[in-house]
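> fold the stuff below for me.
(chains A, B, C and D)
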There are 2 protein chains.
Amino acid sequence: MEHRIEKIKKQLHSHSYKLTPQREATVRVLLEREDDHLSAEDVYLLVKEKSPEIGLATVYRTLELLSELKIVDKINFGDGVSRYDLRKEGAKHFHHHLVCIECGSVEEIENDLLGEVEQIVENDWGFEVKDHRLTFHGICRQCQAAAVKEDVQKATP
Amino acid sequence: MEHRIEKIKKQLHSHSYKLTPQREATVRVLLEREDDHLSAEDVYLLVKEKSPEIGLATVYRTLELLSELKIVDKINFGDGVSRYDLRKEGAKHFHHHLVCIECGSVEEIENDLLGEVEQIVENDWGFEVKDHRLTFHGICRQCQAAAVKEDVQKATP
DNA sequence: TTATTAATAATAATCATTACAAACTAATAT
DNA sequence: ATATTAGTTTGTAATGATTATTATTAATAA
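Prediction:
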């Protein structure tokens, strides 16, 4: 935890930004809720618990800054809100999402699914890939199970 | 053109929706500007040129409807606007985007890059994939060329 | 110490999107 | 023909996320 805070501090310094108390508080929340896809509002409310004097605009500005420095990913699942995910320790970015169209749950998977695919894009389209976003929409395990259960109930009334 | 309108008309009817004049005007704009990733506002302005009486809310409702019926894809490149793309004729959906982080251009590529990857997701995570969204962020051919040119100019002042 | 700069809080403004109420249309039942 | 109904549209108001602004504070440099 402290190790990662220290690292982020250095990243900020290298762009001559400071890790102010507000920024640190924000980063700590992101670290504590690492897999939660928090919205700016979510982050704001959580930071407020420990640092009640912080303002919403500051949280927005901090998240934007961290996003520019590629410390967090700003993602969008199509509901009207941006969500912010701290990038994992490993430098590479193999981080995709499974969004359930039934229950709205978001599962996160970590896997280099796109190594080859990026090569294809670079070779065939001359596009220098820096990053990607991959989201699958479908039906999660739980909802599949629930559907089967319902069918059984219909069959034996 | 007329053929595709007719097809969409049937799709709407099969869900007991009608292809009203306003809806038809909207679809025509989407057909004319097929690869343009128009925002709702864009579509509204274009439809208004030929059908000045249409309302913005109607355009939004129509796009939402078409999106629910999977006739258009509602996509999001992270600027604050949703964009709407008519799905191509072929039933399958191999449609990805290359977003340039220098100039903001969006190139569209058509290729089944993810057939195997979807299999992996289904097998390893038990997630039933219905659709996916894949976007690459990087540097387009033009901007790469421009960067090279700048370097040359610096080297020979 | 004083001047300068960066960062913050609080709030107002903006902008995309959605909700709402009233009017309209087309199809069907009477 | 007339009334009824459900579906659709319009114009506008409301909402909600995000950004801009302004005054203030904290940190740093001169």
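
> what does the lengthiest strand in chain A rub up against?
When chain A is parsed with DSSP state E, its longest strand is strand A:128-139. With Cβ atoms under 8 Å, 6 or more residues apart in numbering or on different chains as the test, strand A:128-139 has contacts from A:75, A:77, A:93, A:96-102, A:113-114, A:118, A:121-122, A:147, B:101, B:118, B:121, B:127-139, B:144. (Each C-beta comes from the backbone N, C-alpha and C, glycine too.)

> next: stretch A:73-80.
With Cβ under 8 Å, 6+ apart as the criterion, stretch A:73-80 contacts A:37, A:63-64, A:67, A:82-85, A:87, A:93, A:95, A:97, A:99, A:106, A:133, A:135, B:74, B:76, B:78, B:82.

> how about the helices in chain A?
Assigned by DSSP state H, chain A shows helices spanning A:2-14, A:21-32, A:40-50, A:56-68, A:115-125, A:141-155.

> including mean pLDDT, could those go into CSV?
Shown next, in CSV, are these (pLDDT from 0 to 100):
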stretch, mean pLDDT
helix A:2-14, 92
helix A:21-32, 95
helix A:40-50, 95
helix A:56-68, 95
helix A:115-125, 89
helix A:141-155, 78
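
> possible to save the ones you listed as a markdown table with mean neighbour count and distance to chain B?
A markdown table is the format used below for these (neighbours: other Cβ atoms under 10 Å in any protein chain shown; distance: least, Cβ to the nearest Cβ, whole Å):
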| stretch | mean neighbour count | distance to chain B |
| --- | --- | --- |
| helix A:2-14 | 13 | 19 |
| helix A:21-32 | 19 | 19 |
| helix A:40-50 | 17 | 13 |
| helix A:56-68 | 18 | 10 |
| helix A:115-125 | 14 | 5 |
| helix A:141-155 | 11 | 4 |
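
> wait, which of these is closest to residue B:17?
helix A:141-155 (26.0 Å; Cβ to Cβ).

> how is chain A divided into domains?
A:1-90, A:92-157 (automatic domain parsing).

> now the residue positioned nearest the centre of chain A: how far from residue A:25?
In chain A, the C-alpha nearest the mean C-alpha coordinate belongs to residue A:85, at 2.7 Å (Cα atoms, centre = their mean). Here the criterion is Cβ to Cβ, to the nearest Å. By it, residue A:85 lies 18 Å from residue A:25.

> list buried residues within the contacts of stretch A:73-80.
A:37, A:63, A:67, A:82-85, A:93, A:95, A:97, A:99, A:106, A:133, A:135, B:76, B:82 (16 or more other Cβ atoms under 10 Å in any protein chain shown).

> list just the nearest of these to residue A:10.
Among those, and counting by Cβ to Cβ, the member closest to residue A:10 is residue A:67, at 17.8 Å.

> isn't that closest one right next to residue A:83, touching?
No - using Cβ atoms under 8 Å, residue A:67 makes no contact with residue A:83, being 10.9 Å away.

> circling back: quick check: which of the buried ones among the contacts of stretch A:73-80 has the minimum pLDDT.
In terms of pLDDT, residue A:93 ranks lowest among these, with 62.

> and residue A:17, how many neighbours?
16 (other Cβ atoms under 10 Å in any protein chain shown).

> picking up where we left off before, the nearest residue to the residue nearest to the centre of chain A once chain neighbours are set aside and DNA strand D, how far apart?
Of all residues beyond its chain neighbours, the one nearest residue A:85 is residue A:73 (4.8 Å), with distances taken as Cβ to Cβ, 6 or more residues apart in numbering or on different chains. As judged by Cβ to the nearest atom of the strand, to the nearest Å, residue A:73 and DNA strand D stand 13 Å apart.

> reformat the helices of chain A as TSV; add distance to residue B:49.
Shown next, in TSV, are those (distance: least, Cβ to Cβ, whole Å):
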stretch	distance to residue B:49
helix A:2-14	49
helix A:21-32	46
helix A:40-50	37
helix A:56-68	36
helix A:115-125	33
helix A:141-155	44
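
> DNA strand C contacts on chain A?
Contact residues (Cβ under 7 Å from any atom of the strand) of chain A with DNA strand C: A:17-18, A:20-23, A:53-58, A:61-62, A:80.

> just those residues that are near DNA strand D?
Applying Cβ under 7 Å from any atom of the strand to the residues of chain A next to DNA strand C, those adjacent to DNA strand D are A:18, A:56, A:57, A:80.

> reformat these as a markdown table; add distance to residue B:41.
Below are those laid out as a markdown table (distance: Cβ to Cβ, whole Å):
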| residue | distance to residue B:41 |
| --- | --- |
| A:18 | 39 |
| A:56 | 27 |
| A:57 | 26 |
| A:80 | 16 |
